[in-house]
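1. heads up, no residue letters with this:
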């Protein structure tokens, strides 16, 4: 057995005769509780946390200002105009919804596939899902112009006797995203309860005892409760799996039901889902690589967890590449002139730069993960995952903007120029995301302790 | 079963608690050290014939349901009903609003065209199912219940950390403080705590 | 680490893992039946109405059995990519199913060289520069030479991949060398890519180009969704059959069936998701270049079949397989597997049969006789393949995990 400090953290070996351990070091059940609860019991968070929080709050203020300014002046402060009537707002919306998908994939789909390594990362990824969906929900909310009647999006009885139009995919979005948010929240909280009970039982301070006590709703680890709990968890996973597919599919319908060249493509639904998972995993890796270091969780969120995520990035990245290729092939094979033109124009037209950023970041750079050395190297995976985040934002930009800017009628073609407020709103939304994430790291157990314990040898009967 | 209802501290039965009455015994809780121990103990408790008893573990222990004789939950059926309600709500909502109440021709599509119903019907099915799962599960578990006699035991705090417990409540017809304690010790308990205020 | 591995007990298989004399009986019966049905159909049908009814039925069954074969290949590759443990006892059957690629290559060659292309594909008779603008655009892809090249490439890929995985796995039965597992795992990602591309373009060439004007980016995924789902049904059927003959009675348990059932269920849903998305997007955008394909499938009688496909390929099995209990009971699972295979066949029928030349639903006797013909040969080849090898990868390093596997 390896004992040296450098190598014991590397559990990426491939020996097929045994499964690699998921909790490293000489940790027993109690150590797991100690490590995870210790983070939130620490009376003073690290300087890094304060610095991160300061930057995030600053960005959040930028967002607040941008939104306030938008409300005050109107959507004219954005760069949207004819012919590009959909700009950063929808791009950011799709980007953030996509980021959320990794959390559900980890918590639900990998659960159904019995991928026990998910336990180290599912909690933080689910949290990320919820925060990302909050960021996403912001954009449809603020882009409507008259924000004070934003509730018209919902089918509520009103004195005008009007109802929303269910033939519009935008309304499906309202249902899909709000369902997604609700179910993710329920799932997340269900997973949190036993862990919050652990925090409650260790709390020394009265306020913490009461606060965590209420959140833990009196959980006492009863096996009769666990029985229903596990069944409920399985059902929620089984519900979330098609749900996560449906959310980004519905988002893709926003584009694909139209007749606009470049938007009307039948592969859009699975292609959007693959892209969403791809970008979501990139974001999880981007967040967890520094977080596990700062919070001392390297023995729980191991290199193997990261390597597995990088493999999923490679797989989904290749699916995205497949979809790009199929789009091009069918655009030509279909023989529809406008469609062929739309795709050639993406690659060589006025927005060629955005297209090539997208292709290189989404298809080319992830190929580096074919090499084990690179997918297990922290700096390399940070770089690639950041590039993927950039690339996936540009993918939505390319889809939205290029098709709108040059459609069937050359006389109405036009370029799209985002404004400063467009950029500040985008950057500010990261402030909202990171603020929520840092608060989560500070106040809630960032690793699903109960689930991690289940994967440890101590959790299994010695005789099978 | 007064105890499990809303966690009241009033003792069940005839005599109301008075200030100077001796501490009321709600039951006992025994600590076990390993998964093997709790599995063996659970099977013995089941065979002993306790009815108002439970195991408490920091994570679900596989095989414990069988050892305890826990029967399968009816939750999936509730969820199915919830999902069906959502399904019908989705169809009803769209048909009612867009065909009956506010018909409007959009891109030449028929008023009632099933392909457009699917996404919203699907989302509502999932939403209703998930809500049923969540509230059904907690409701059947009798949670939230912020207080429970088990929390009188200081040692029981390890139940959410790394120890395993068996609790036997005083309501159990086979319960007898001394005998039950001895029994639990005989099946491998390392500590047995009395649950008293 | 290695010391630990060596100390691990080698799991002992307590049941019969060799076909023995069960194999030849089945194989011979299937072969004779298959040859008679196939030969008879061709002899009778090749001159009937220019061979068109024959070749349509031939293509339906060719697409069906090829997809079962590809489903096996997909299963094998995915198990290696994911380093799966639960499925080891199921994998040998999948490896053998995949090896039927050579048979499908022969049957495919029969179709292409025997006149099937000319009889069913309009583009086969077209030449660029004759005023057909649409074909002129597609001519670089849809022409005889390039088609032959692609056709050979698909089957070359499938034969090489299936033989590699089968032979390496069988070699491991003797040596027990874990490095063979590593080697297969190392090559499997590349296999996935080759598989995805070959399956996609196979579907485009054989099925989508039947109506060469039509196009859908999703089409390859659609064919894949049916393919993967159908294989799990095949696995359930094959394993049940073997267990009925007293083989593998201990190694393959209810738990493995349960998992296969879950996968059938998952692909029922996935198929519906893909089918719905493709249909809804084309219906909604309502562009004549695309809608005619569905129009052909909503004509006289076809509408009923389309509806049957929706109900029988999705709603029915979805409700039937939802409960855990149904998937864990042998009889119900077996019924579901047979039903799903039937529906997959209907799906292939639905893809191939309709067209401008067939406005009303029509079936032909060849649909059935060729099913028996190709099915017989397919079963024969499968049992021939399994004859001299163990029915489970006996010394796979993860065999123990698979034997112990339990669903919680």
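-> In hand now; what should we look at? This is a predicted model, so every value here is computed, not measured.

2. so, in contact with chain C or not, stretch A:173-180?
-> No: counting by C-beta under 8 Å from any C-beta of the partner chain, chain C is not contacted by stretch A:173-180; separation bottoms out at 13.7 Å. Glycine gets a C-beta too; all of them are placed from N, C-alpha and C.

3. in chain B, which residue sits closest to chain C?
-> residue B:115 (4.5 Å; C-beta to the nearest C-beta).

4. pick out the residue of the stretch 251-400 of chain A closest to chain B.
-> Closest contact between the stretch 251-400 of chain A and chain B, by C-beta to the nearest C-beta, is at residue A:253 (7.2 Å).

5. dump the residue contacts of that residue.
-> The contact partners of residue A:253, taken as C-beta atoms under 8 Å, 6 or more residues apart in numbering or on different chains, are A:169, A:172, A:268-269, B:119, C:280-281.

6. wasn't it part of a strand?
-> No: applying DSSP: H, G, I helix; E, B strand; the rest coil, one finds residue A:253 to be helix, outside a strand.

7. and it, how far is that from residue B:120?
-> As judged by C-beta to C-beta, to the nearest Å, residue A:253 and residue B:120 stand 12 Å apart.

8. try residue B:75
-> Distance from residue B:75 to residue B:120, by C-beta to C-beta: 26 Å.

9. show me where chain B has helices.
-> With DSSP state H as the criterion, chain B has helices at B:35-48, B:64-68, B:75-95, B:114-140, B:177-186.

10. just these: most buried one?
-> Per residue and on average, the most neighbours among these fall to helix B:114-140, with a mean of 22 (mean count of other C-beta atoms under 10 Å in any protein chain shown).

11. for that one, packing partners?
-> Applying 3 or more C-beta pairs under 8 Å, 6 or more residues apart in numbering or on different chains; DSSP states H and E, one finds that helix B:114-140 contacts helix A:169-202, helix A:223-256, helix B:75-95, helix C:254-285.

12. which one of the ones you listed lies nearest to residue A:319?
-> helix A:223-256 (12.7 Å; C-beta to C-beta).

13. what's the mean pLDDT across stretch A:200-210?
-> In this model, stretch A:200-210 has a mean pLDDT of 89.

14. list the buried ones in that stretch?
-> If you call a residue buried by 16 or more other C-beta atoms under 10 Å in any protein chain shown, then stretch A:200-210 has these buried ones: A:200-203, A:208.

15. next, the angle helix B:35-48 makes with the top strand by length along chain B.
-> In terms of residue count, the longest strand belonging to chain B (DSSP state E) is strand B:25-32. Put simply, strand B:25-32 runs at 140 degrees to helix B:35-48, going by axes from the mean of the first three to the mean of the last three C-alpha atoms, to 10 degrees.

16. and residue C:231, how far is that from chain B?
-> 27 Å (C-beta to the nearest C-beta, to the nearest Å).

17. is it true that that residue touches residue C:65?
-> No: counting by C-beta atoms under 8 Å, residue C:231 stays clear of residue C:65, with 11.6 Å between them.

18. quick one: end-to-end distance for stretch A:36-52.
-> End-to-end distance for stretch A:36-52: 20 Å, by C-alpha to C-alpha, to the nearest Å.

19. what mean pLDDT does that stretch have?
-> Mean predicted lDDT for stretch A:36-52 stands at 86.

20. run through who's touching that stretch.
-> Stretch A:36-52 has contacts (C-beta under 8 Å, 6+ apart) with A:195, A:198-199, A:202-203, A:294-297, A:300, A:434, A:438, A:441-447, A:449.

21. circling back to that earlier point, does any part of the longest strand of chain B sit near chain A?
-> No: judged by C-beta under 8 Å from any C-beta, strand B:25-32 makes no contact with chain A; its nearest approach is 10.0 Å.
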